[in-house]
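Student: need a structure here:
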Amino acid sequence: MSRRTTISSDIPMFSEGLLHSITSSYTKNLKMGISSINSIHRAISMSRVYGGLGLLYYDRLESDLDKILQVDINTTRTETRGTVKERSIKLALEMSARGIKEKDIIVICSQNNVDETIVILASLFLGAIVAPLDPEASYKEKELLIKKLRPKMCFVDSRTLTYVQRILHNNKLRGTAINFSVESSGISEFSKLLNHKEDEKFRPVNIADPKRTVAFILPTQGTTDFPKLVCVSHDNIRLQCLIFIEIFPDLINVLSFFPLSWYFHLVIICVCLEFVVTLIIPRPFNERNGCKIIQDFNVECIIIGTDYAIRLFHGSAAKDFNLNCLKSVLIGLNSTLKHDMFSLKQSMPKVMFVSSYFLVETGCIAATKTIDYNSIIAERPMTVGSVTLNCKVKIIDVKTKEICPPRKYGEIYYTGDGLMLGYFKDPEKTLQSREKGYFRTGDIGMFDELGWLYVLGRFEDMIEFDEWSLSPMDIEEVILRHPAVKDAVVVGNAKEVVALVKKYPDAKFEESDLTRHIGESLPSKYWPSRIILQDHFPRTTVGSVRRKKIREDLLQVTVRYSSSMSVVSELATITKK
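Tutor: Here you go, the predicted model:
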């Protein structure tokens, strides 16, 4: 397959000379004593009228019709760009015949499959809004989100069908459920929606204002609270696709282990529609399947969470397969521990482990581009990258509200073309999230002298004491260096710091050894007051630890706090208030 992922000529891009002048100008400002970082990095014009994503993809799919667009490992189905377009038009005609129109909401709640792409494209053709939901979310989460969305159609699979049917019925919603799998009693089968006769006069709707028109409603991951619904415009998604191609300029194929409800996975599908890139849709994750797919399909780029990456590349399966084709991995979600990044690089020294920082509300704020990897990342292994296209970022001191100088941590504020239109049906939360035109991310970070961004973690995860605070990541890094420890999570409040530790199954683990290890590496104020052995940690479906749940479970207790380090090995001994 030829490398066709160059950005279209109708999108103006800056030359390397101008890029150098931007960096030089920034450095000059620092020397003049301007400590704020409030820069636009490689701005591009998004003003060209293109009629929205539906029209854009309709036209782009006319070229390279015989090129492979997607491969589903589960079903062994392979689809070209031509067949994707043809099936999407048929589905759009059927959906239109069923009364679907502009601004109607279409829910997708299923395991990843090739037909999801068809639903996305058909909905965009009609100007409808796509709302992907996590198939692994709890029934309560699904119900509250679907009640709020009130979708006209819900595309599901055999695993989510019963739940969605019950939600629609119990809440007297008129939405229609469509099963991607085999037909069920009273439920339409997806394949039967594609029997509509072709219409040579068909054209997607024209979106007059792509910058202010909702294309997708995406759930947040719910690591700190109940998932919120984020409205994302056509322009927003197009910008994220350009950012992705800028990170991976020679992209041929991509393998993602995330669900459709995860922001970057949706962006990847849109990248494959706009550019000639092949999407590999895997089976549910396990180490051997993952390695086999990489080998068999010569996968060059994968998108994966840190926890899955460690399992994939540290296990015995990595030694049983030839992974030499793999060039780059977009790792983690927002930040990855230094211990994990170092370990991954040791396991796969020829692979570029690329970091990024994004939120559903903002899109990709910063990223490490593959062209920067050897020259920059070797010196700055923990940076999440430089600020991306059409993006302004500043670091604000949480106490003084002043702009922070380089290498001083504060809250990350964002504004730019990646900013959400707002939270769905929640203008109050939308207003609360912004301050003087900037979105408050709730994350703690800093810039270095050259404008590279570092993310320490969520502000609410910081452990606050009377006169100082600490980041859980600082303690976790030390704990993970103990040879018997496989994973660790630290939470705390002003009274105590609790370390949850997961050991390797066959490792000999002495709690006294770990306490000595921590004591040798950290000052006493960083020592956990309790260490708890844990088999697993509550996580979202994309691998993020649900720290809020851990805090709620562990910290609402009667605390007998001591300045000395104590070890508690059984959760059952905790006495709730």
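
Student: so where do the helices sit in the stretch 151-300 of the chain?
Tutor: 158-170, 234-247, 263-274, 287-296 (DSSP state H, counting those that start in this stretch).

Student: now these as TSV including mean pLDDT and distance to V455?
Tutor: Where you see a C-beta, it was placed from the backbone N, CA and C, and this is true even at glycine. Shown next, in TSV, are these (pLDDT from 0 to 100; distance: least, CB to CB, whole Å):
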stretch	mean pLDDT	distance to V455
helix 158-170	94	33
helix 234-247	95	17
helix 263-274	96	16
helix 287-296	95	26
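
Student: can you list those helices in CSV and add distance to R546 and mean neighbour count?
Tutor: Listed next are the helices of the stretch 151-300 of the chain as CSV, based on distance: least, CB to CB, whole Å; neighbours: other CB atoms under 10 Å:
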stretch, distance to R546, mean neighbour count
helix 158-170, 21, 17
helix 234-247, 26, 24
helix 263-274, 18, 24
helix 287-296, 23, 18
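
Student: for those, which one sits closest to S524?
Tutor: helix 287-296 (39.6 Å; CB to CB).

Student: Dump that closest one to PDB, restricted to CA.
Tutor: In PDB, the C-alpha atoms belonging to helix 287-296 read as follows (Å, rounded to 0.1, in the frame of the first residue of the first chain):
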ATOM      1  CA  GLU A 287      -1.300 -10.800  25.000                       C
ATOM      2  CA  ARG A 288      -1.000 -13.600  22.400                       C
ATOM      3  CA  ASN A 289      -3.800 -12.300  20.200                       C
ATOM      4  CA  GLY A 290      -2.300  -8.800  20.200                       C
ATOM      5  CA  CYS A 291       1.200 -10.000  19.200                       C
ATOM      6  CA  LYS A 292      -0.200 -12.300  16.600                       C
ATOM      7  CA  ILE A 293      -2.200  -9.500  15.000                       C
ATOM      8  CA  ILE A 294       0.900  -7.200  14.900                       C
ATOM      9  CA  GLN A 295       2.900 -10.000  13.200                       C
ATOM     10  CA  ASP A 296       0.200 -11.200  10.800                       C
END
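
Student: Give me the residues contacting it.
Tutor: Applying CB atoms under 8 Å, 6 or more residues apart in numbering, the contact partners of helix 287-296 are 73, 255, 257, 280, 282-283, 299, 302, 308, 311-312, 315-318, 320-323, 325-326.

Student: List the ones among those residues that fall in strands.
Tutor: L255, I280, I302 (DSSP state E).

Student: Now do the same for T223: its pLDDT.
Tutor: Model confidence at T223, given as pLDDT, is 62.

Student: my bad, should have said P219
Tutor: P219 is given a pLDDT of 96.

Student: For it, give its distance to K495.
Tutor: Computed as CB to CB, to the nearest Å, the P219 to K495 distance reads 34 Å.

Student: is it true that D506 lies in a strand?
Tutor: No - assigned with DSSP: H, G, I helix; E, B strand; the rest coil, D506 falls outside any strand and is coil.

Student: give me phi/psi at it?
Tutor: D506 has phi and psi values of phi -100, psi 10 when expressed as degrees, to the nearest 10.

Student: and it, how many neighbours?
Tutor: Around D506 there are 6 other residues, counting by other CB atoms under 10 Å.

Student: host element of K486?
Tutor: Per DSSP states H and E: K486 is located in strand 485-492.

Student: List the neighbouring strands of that strand plus their orientation.
Tutor: Strand pairing for strand 485-492, determined by DSSP bridges: strand 497-503 (antiparallel).

Student: P219 and K495: which has the busier surroundings?
Tutor: Using other CB under 10 Å as the criterion, P219 and K495 rank with P219 on top: 23 against 11.

Student: For the more buried one, give the beta-bridge partners.
Tutor: L229.

Student: I figured it hits V230, correct?
Tutor: Yes - applying CB atoms under 8 Å, one finds P219 in contact with V230, separated by 7.4 Å.

Student: any shared contact partners between those two?
Tutor: With CB under 8 Å, 6+ apart as the test, P219 and V230 both reach V360.

Student: how close does the nearest residue to G82 once chain neighbours are set aside get to K140?
Tutor: Of all residues not flanking G82 in the chain, L65 sits nearest, at 3.4 Å (CB to CB, 6 or more residues apart in numbering). L65 sits 44 Å away from K140, going by CB to CB.

Student: more crowded one of the two?
Tutor: Higher neighbour count among L65 and K140: L65, with 14 against 9, using other CB under 10 Å.

Student: That one reaches R81, doesn't it?
Tutor: Yes - with contacts counted by CB under 8 Å, L65 reaches R81, the gap being 5.4 Å.

Student: and the angle from the host helix or strand of I106 to helix 158-170?
Tutor: According to DSSP H and E, I106 maps onto strand 105-109. Here strand 105-109 runs at an angle of 140 degrees relative to helix 158-170 (axes from the mean of the first three to the mean of the last three CA atoms, to 10 degrees).

Student: Output the contacting helices and strands for strand 105-109.
Tutor: helix 114-126, strand 129-132, helix 139-149, strand 153-156, helix 158-170 (3 or more CB pairs under 8 Å, 6 or more residues apart in numbering; DSSP states H and E).

Student: Could I get the buried residue list for the third one?
Tutor: In this case it means helix 139-149. Buried positions in helix 139-149, judged by neighbour count with 16 or more other CB atoms under 10 Å: E141, K142, E143, L144, L145, I146, L149.

Student: And stretch 62-82, by the same measure?
Tutor: Under 16+ other CB under 10 Å, the buried positions of stretch 62-82 are D64, K67, I68, L69, Q70, V71, D72, I73, E79, T80, R81.

Student: Between its first and last residues, how far does that stretch reach?
Tutor: End-to-end distance of stretch 62-82 (CA to CA, to the nearest Å): 7 Å.

Student: now stretch 146-156
Tutor: 13 Å.

Student: as a whole number, average confidence for it?
Tutor: The average of the pLDDT scores along stretch 146-156 is 98.

Student: Stretch 448-457 too?
Tutor: 90.

Student: Could I get the pLDDT score of S564?
Tutor: Reported pLDDT for S564: 32.

Student: Throw the helices of the stretch 151-300 of the chain into JSON lines and include distance to K90, thanks.
Tutor: JSON lines is the format used below for the helices of the stretch 151-300 of the chain (distance: least, CB to CB, whole Å):
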{"stretch": "helix 158-170", "distance to K90": "23"}
{"stretch": "helix 234-247", "distance to K90": "23"}
{"stretch": "helix 263-274", "distance to K90": "17"}
{"stretch": "helix 287-296", "distance to K90": "29"}
